[in-house]
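Undergrad: Sequence plus predicted model, see below.
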Amino acid sequence: MNRLEILFLAEVDEERCNGDRICENVCPTAAIRMINKKARVDQDRCLACLKCVDACPELAVTLTPRSEPLEIGIDPSTVDQKRLNELCAKANLDPEESICLCHGTLAKDLAAAVLKGAKTPEDVVLMTGVRTGCGMWCTTPILRILKANDVEVVFPKGYRMYDIEPAVWELPDEVVKKYPEYFLEEDAELSRRGTLETFASVVVGRREP
């Protein structure tokens, strides 16, 4: 089980805050909301990821120590393993696949969060801590696992998140057939299997003279 201990909390200087909503739009847990054109931080949702601090042009947001640490994390073993594996497979993710290198979050952690009721990317982040590090690779897997569970993801206006990026197994058939030299069909199958050993053997085998 991967658990994180959050020791800090975002704090807004209302005199500096101009209500531009930038901090609200970059917050991965929806911890920041505008009230009377001033940013307000929900202490129970803030994971001290620094995204609001970095984005605020007015330098109105800083981090302050929490009076008590906030612990987050999810235990994948507490959900039905058959459902977890099926959900990961539907999202084309291996349960043991690394999703967040910053915090060690695995695909099975995302699946467990969704099976425990997460309905939005923010819910998944709050339950697992994913996206609170660099945020470079983990957004697409979150969206995939939500959509695999038939959750419709709606992006608020101004929110800094793109929809799912195309994957090799989602390319149109006409594209795959048009470029056989790129082995797109084979790569799609290998991506689903998720085995580097198989990939290596196929690459060597198909390129032998």
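TA: Ah, there it is.
Undergrad: helices or strands up against the one helix or strand residue 175 maps to?
TA: Here residue 175, judged by DSSP states H and E, is contained in helix 173-178. Using 3 or more Cβ pairs under 8 Å, 6 or more residues apart in numbering; DSSP states H and E, the elements in contact with helix 173-178 are helix 184-193. Bear in mind the C-beta positions are built from the backbone N, C-alpha and C, glycine included.
Undergrad: what does the average pLDDT come to for the helix it packs on?
TA: If you average the pLDDT over helix 184-193, you get 77.
Undergrad: and it, how far from the chain's centre?
TA: 23 Å (Cα atoms, centre = their mean, to the nearest Å).
Undergrad: looking just at contacts, which helices and strands does that helix meet?
TA: By 3+ Cβ pairs under 8 Å, 6+ apart, helix 184-193 packs against helix 173-178, helix 196-206.
Undergrad: Would you single out the least confident of these?
TA: Ranked by mean pLDDT, those end with helix 196-206 in last place, scoring a mean of 43.
Undergrad: What segments of this structure are helices?
TA: In chain order, the chain shows helices spanning 22-26, 51-55, 81-90, 107-115, 121-128, 139-148, 173-178, 184-193, 196-206, with DSSP state H as the criterion.
Undergrad: Report the buried residues of the second one.
TA: This means helix 51-55. 51-53, 55 (16 or more other Cβ atoms under 10 Å).
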